[in-house]
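Q: Quick one: sequence plus predicted model below, questions after.
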Amino acid sequence: DTAIISFNIPLANFAGNNQLKLEVNPDKDQPEQFYFNNVLFKNVYAITPACPGSNISFSVSGSTGTMQWQVNTGSGFININNNSLYSGVNTATLLITNALSSMIGFKYRCVYSYNNTLQNGPEYILKYTAIWVGNISTAWEDTGNWSCGILPDANTDVIIKGGALNYPVINSNTSCRSIS
């Protein structure tokens, strides 16, 4: 099901209903869409959370012509070059090899030409999630208890689901981005 969140914003001297709307359809792998007065401003794709150190890819479809992937680390979008971390920077699919947990929140997009006009593809946001499986013991510090096979760090969202064989006990100084 699609969730729609709408806000009416009273603005003087601005035509229209002044409605800000966010549409989210997580089950259908559709982008979040931001509208103001029924004008689409941006599609933002948040990828399925990944494990730190894993390989991650982003793709654009329907794009033609020259392509250039860009990253925004917090200071605006810049072009990416092929290197040990990134490959496919001039193709429809960008591959990030061994993504670092410190890259959380980085935004990616592909800029491509269409009818001699540069277009921005959808934005993808990098997130990391570790799920507690608890198959080995109660030790938070045991990598075998985590879905990613590595310990969560300050950049990782942790999920602890009900029904685990063991639940975590923290025996050392540790941190994570969030726990749910």
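A: Happy to help now that I have it.

Q: Quickly find the element holding the residue nearest to Ile104 when sequence neighbours are not counted.
A: Residue nearest to Ile104 in three dimensions, not counting chain neighbours: Asn155, with 4.3 Å by C-beta to C-beta, 6 or more residues apart in numbering. In short, each C-beta sits where N, CA and C put it, glycine included. Using DSSP states H and E, Asn155 falls within no helix or strand.

Q: do the same with Ser175
A: Here Ser175 is assigned to no helix or strand, by DSSP H and E.

Q: Now do the closest residue to it other than its chain neighbours against Ser101, distance only.
A: Spatial nearest neighbour of Ser175, chain neighbours left out: Ala154 (4.6 Å); criterion: C-beta to C-beta, 6+ apart. Distance, Ala154 to Ser101, using C-beta to C-beta, to the nearest Å: 8 Å.

Q: out of these two, which sits in the busier spot?
A: A direct count of neighbours by other C-beta atoms under 10 Å for Ala154 and Ser101 places Ser101 higher, at 19 against 11.

Q: give me phi/psi at that one?
A: Torsion angles at Ser101 (phi, psi; degrees, to the nearest 10) stand at phi -70, psi -20.

Q: circling back: please look at the residue nearest to Ser175 and Arg177 and confirm they touch.
A: Yes: at 6.3 Å, Ala154 counts as touching Arg177 under the criterion of C-beta atoms under 8 Å.

Q: Need the three-state assignment for Tyr112.
A: Under DSSP: H, G, I helix; E, B strand; the rest coil, Tyr112 falls in the strand class.
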